[in-house]
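Asker: I would like to see how this sequence folds:
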Amino acid sequence: MPRSAYLFTPDDRVLVERRFGADSFETLGRVEAAPYLAERSRISRVFAFFRATDVRRITLRPPFDDTGRDTLSLLDPTTPILDGHDDPIGVTRLASGRVTCLTPREPGDTIVLRDLWTPTFRVVDGTQFAIETHDGEPIIIAFARAPLIIAPPIPRTLDEHLDTISPFVSSACRDAIVRAGDAARARAVEIHEGDTIDVLGLTWMPDDAERRFDLRGRTADYRSAPRPLRLVIADAPGTRIVIRRTGARLR
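Answerer: From the prediction side, this is the model:
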């Protein structure tokens, strides 16, 4: 599956989200309010007027703590569990399963998502994937915007993180990230093939999701399976997928 990268950088008091593909770039929009945004004050002295000015800027706060706890309560415990048979389309559901990669595979697909947080920028690198549920039914996890990931973090420098992601993402993002600064306190979370996860998102029909997320011809293994794919969990404008890692495979 092709990989995409998502870069979040501050612009005044909003957060700008950009997406990078292998040969494309687009600005997805501006995040003005979200649980992972906070304001910080900085006193700026304006000497021409001999006074101090309180300048407010946004800062990012990750949705996890050192133990991988959901610190922003992004996963609502009252959300209905995905049934897979009678769920209507376009509703929020929670599903659980084991991560498996889609075909055709590309180098690095065993890590389906990487997510680096600092107080002033965020970088996400990932690919669409699937989960195998308890009854063996595959569900595609498809995203057009960066998911929010809850997992125990890994301390990592900016250079270390950029070295782990694909060269096109690293070169496209590096200048913007360096300008944002504040990489000393970076923390990364990852989702690997074989991990068990909870996924919160919107239900989609496969045919509609294939057109929006470019899944056509990329899930042959599942199409030929005795139990065909019936559902996709995806995002939509204003709604992000939330993923919580509940168990890690042996690495």
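
Asker: which SS class is Asp163?
Answerer: helix (DSSP: H, G, I helix; E, B strand; the rest coil).

Asker: tell me the contacts of it?
Answerer: Contacts for Asp163 (C-beta atoms under 8 Å, 6 or more residues apart in numbering) come out as Ser170. For glycine as for every other residue, the C-beta is placed from the backbone atoms N, C-alpha and C.

Asker: do that again at 10 Å, thanks
Answerer: Arg156, Thr157, Ser170 (C-beta atoms under 10 Å, 6 or more residues apart in numbering).

Asker: how much space separates it from Leu116?
Answerer: Taking C-beta to C-beta, to the nearest Å as the measure, Asp163 falls 12 Å from Leu116.

Asker: hey, what's in contact with both of the two?
Answerer: In contact with both Asp163 and Leu116: Arg156, Thr157, using C-beta under 10 Å, 6+ apart.

Asker: how many neighbours does Cys72 have?
Answerer: In this structure residue 72 is Leu, not Cys. Other residues lying near Leu72 total 16 when counted by other C-beta atoms under 10 Å.

Asker: equivalent analysis for the one 4 residues further on, please.
Answerer: Residues lying near Asp76 (other C-beta under 10 Å) number 10.

Asker: which pLDDT does the model give it?
Answerer: Reading off the confidence values, Asp76 has pLDDT 91.

Asker: again with the one 5 residues further on
Answerer: At Ile81 the predicted local distance difference test score is 88.

Asker: any chance of the backbone angles for the closest residue to it other than its chain neighbours?
Answerer: Leaving aside its sequence neighbours, Ile81 sits nearest to Leu94 (C-beta to C-beta, 6 or more residues apart in numbering; 5.6 Å). Per-residue torsions, Leu94: phi -110, psi 130 (degrees, to the nearest 10).
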